[in-house]
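*Asks:* the sequence and its predicted three-dimensional model are supplied below.
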Amino acid sequence: KGTERAEAIRAEVAAVRQGCGVIDVSTLGGIDVRGPDAAEFLERLYTFSYAKQPVGRARYALMCDQMGAIIDDGVACRLHPNHFYVTATTTGVDRVYQQMMWWNAQWRMDVDVANVTAAYAGVNLTGPSSRAVLAKLCKDADLSPGAFPYMGVRVARVAGIPARLLRVGFVGELGYEIHVPASQGEALWDAILYAGRNFNVRPFGVEAQRVLRLEKGHIIVGQDTDAETTPEEADMAWAISRKKPFFVGQRAIDVLGRAGIKRKLAGFVMPMEAPLVPEESHLVVREGSITGRVTSVARSEAVGKAIGLAYVAPEQANPGTRIAIKAAGGVLVEAEIVKLPFYDPQGQRQEM
């Protein structure tokens with residue numbers, strides 16, 4: 001039933017925010033990039049910089065096509081000077097792998113690219129109690145904040161299973177992605193639930209994850225982007241290295257940036273008690289003209305408001321601007337543009 005479903009989602013969100021939750025992320029993509037040219041290969045493929053990335057660290061990875069449009073995102077984890085483990089979205093990994101293989105054929109670099117998605121199972125253990133739960137299972141890695149900081153990567157055993165530990169997250173809380181051989185995925189899941197029984201660890205699903213990531217202002221490629229969305233339009237100019245001599249899509253992004261964007265992704269809020277909240281794809285309008293559309297929306301207990309993401313005209317993207325959205329039945333509702341993220345703007349919880 002709808003009410004029971006909504007209550008279950010709220011309970012799962014609360015479990016992550018207040019204690020500890022675990023979600024199966026085995027469908028996320030994983031690609032091993034190895035070889036003397038591995039760092040330079042990623043330098044050319046992604047918008048961020050990886051040449052000087054330390055071993056044991058992860059960096060955000062945004063891939064664009066030659067027209068400057070976003071293809072996919074993930075993280076690039078440096079396990080060895082010549083070995084990166086690159087994650088991708090569930091729906092995007094095949095295209096990312098195809099792009100890697102195609103460009104490697106053009107550049108003829110000394111790298112080996114292997115799609116290892118099916119070889120690994122993964123879970124995301126997250127929430128304020130996640131470190132304490134993981135400590136019950138992992139004895140050969142120092143999990144303290146100083147030794148294993150946010151965006152850190154370690155190779156260790158969890159419940160006796162060899163694992164790649166990524167201190168990354170999509171929900172804005174202290175958390176760990178734990179990637180293990182696919183044959184050991186069920187054993188890892190059971191071990192986490194047993195170790196977390198005194199911490200009230202709770203499984204949560206994709207619907208709760210979507211609320212949690214929205215509160216943190218993280219985009220979902222394919223939902224908050226389309227086939228033509230550029231990083232600047234998606235408010236992700238921070239993910240572009242301006243010092244690199246080249247990356248795929250760089251020229252197009254520079255040209256489009258000089259020409260000026262015509263839309264920009266922004267966060268908006270409405271009162272929690274609003275009787276009518278817009279849905280995804282509802283239109284942002286101004287004086288009878290369409291200026292954008294809603295891409296994500298949810299009622300957030302943590303923020304105390306209805307929150308969402310929408311593309312708007314660039315001049316509408318400033319915090320404090322009031323926008324009109326044509327909701328169900330053609331009813332116009334008002335929302336206020338705010339600065340992202342909605343939740344924990346200083347990032348203290350995920351970096352604790």
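*Replies:* Looks like it arrived, so ask away.
*Asks:* how near is the residue nearest the centre of the chain to Gln346?
*Replies:* Nearest to the mean C-alpha position of the chain, by CA atoms, centre = their mean, lies Phe170 at 4.7 Å. Here Phe170 is placed at a distance of 18 Å from Gln346 (CB to CB, to the nearest Å). C-beta here means a position set from N, CA and C on the backbone, and glycine is covered the same way.
*Asks:* just to revisit the earlier point, roughly how far apart are the residue nearest to the centre of the chain and Pro245?
*Replies:* From Phe170 to Pro245 the distance is 31 Å (CB to CB).
*Asks:* now Asn82
*Replies:* If you measure Asn82 against Pro245 using CB to CB, the figure is 22 Å.
*Asks:* so between these two, which is more surrounded?
*Replies:* Asn82 (17 against 7; other CB atoms under 10 Å).
*Asks:* now do the contacts for the more buried one.
*Replies:* Counting by CB atoms under 8 Å, 6 or more residues apart in numbering, Asn82 makes contact with 34-36, 38.
*Asks:* ranking these by neighbours, who comes first?
*Replies:* Counting neighbours by other CB under 10 Å, the top entry in those is Ala38, with 25 neighbours.
*Asks:* list phi and psi for that one.
*Replies:* Dihedral angles of Ala38 (phi, psi; degrees, to the nearest 10) stand at phi -60, psi -50.
*Asks:* hang on, it packs against Phe84?
*Replies:* Yes. Using CB atoms under 8 Å, Ala38 is in contact with Phe84, at 5.4 Å.
*Asks:* show me where the stretch 1-150 of the chain has strands.
*Replies:* 21-24, 29-34, 58-64, 70-80, 83-88, 112-115, 120-126 (DSSP state E, counting those that start in this stretch).
*Asks:* to clarify, my last question referred to the stretch 151-300 of the chain.
*Replies:* Taking DSSP E, counting those that start in this stretch, the strands of the stretch 151-300 of the chain run over residues 153-158, 161-166, 175-181, 202-203, 264-271, 283-286, 289-300.
*Asks:* what residues sit buried inside the last one?
*Replies:* For strand 289-300, the buried set under the neighbour-count rule, 16 or more other CB atoms under 10 Å, comprises 291-300.
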